[in-house]
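In: Pasting the sequence and the predicted coordinates here, then a few questions.
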Amino acid sequence: MGRPAGLPPQARLRRAADFAALRHASGKLDTRYFLIRYGAGAAAEVRCGLAVSRKVSKLAVQRNRIKRIARESFRHARTQLPLLDILLIARAQAVNAPNDSLRGDLDRAWPRLKALKPAPAPGTIAD
């Protein structure tokens, strides 16, 4: 039996500095259940981080459900996305949304990100 197709560590945002940089990034995409911030990625592949705060829900089980659905959606879409760092910030409405609505919301957002060309890194000359 083969290895499960999980999300590899290099596809995740892990450092606090990476999250902080994306919180103030100029790239922003609004969906019904998520605010998506994106910026030029420093890694060799697209990376995603999740922010589901206790303001969304005080119950960890609800926050974890949102994160699980978002990670799975990103895992399926990441090979078609440009080299960006992406931060998914859950909105309060996400806690009451059914799983298929959350997944559909993200599935409609990924093509919008796919159409973007990553911004050049600061200090470089764009063609």
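Out: Sure, I can see it. Just so it is clear, the model here is predicted, and its values are computed rather than measured. Numbers count the residues shown, from 1 in each chain.

In: List the contacts of residue 37.
Out: By CB atoms under 8 Å, 6 or more residues apart in numbering, residue 37 lies in contact with 22-23, 25, 27-29, 86-87, 89. The C-beta positions use only the backbone N, C-alpha and C, and glycine is treated the same way.

In: and the helix or strand that contains it, which residues are buried?
Out: In this assignment (DSSP states H and E), residue 37 forms part of strand 34-40. Counting neighbours by 16 or more other CB atoms under 10 Å, one finds that the buried residues in strand 34-40 are 34, 36-40.

In: what does the lengthiest helix in the chain rub up against?
Out: Using DSSP state H, we find that the single longest helix of the chain is helix 60-77. Helix 60-77 is contacted from outside by 5-7, 11, 34, 48, 50, 52-54, 56-57, 86, 88, 90, 94-95, 99, 102-103, 106-107, 110, using CB under 8 Å, 6+ apart.

In: From those residues, list the buried ones, please.
Out: Applying 16+ other CB under 10 Å to the contacts of helix 60-77, the neighbour count classes 11, 34, 48, 50, 52, 56-57, 86, 88, 90, 94-95, 102-103, 106, 110 as buried.

In: Narrow those to those in strands?
Out: Counting by DSSP state E, the part of the buried ones among the contacts of helix 60-77 found in strands is 34, 48, 50, 86, 88, 90.
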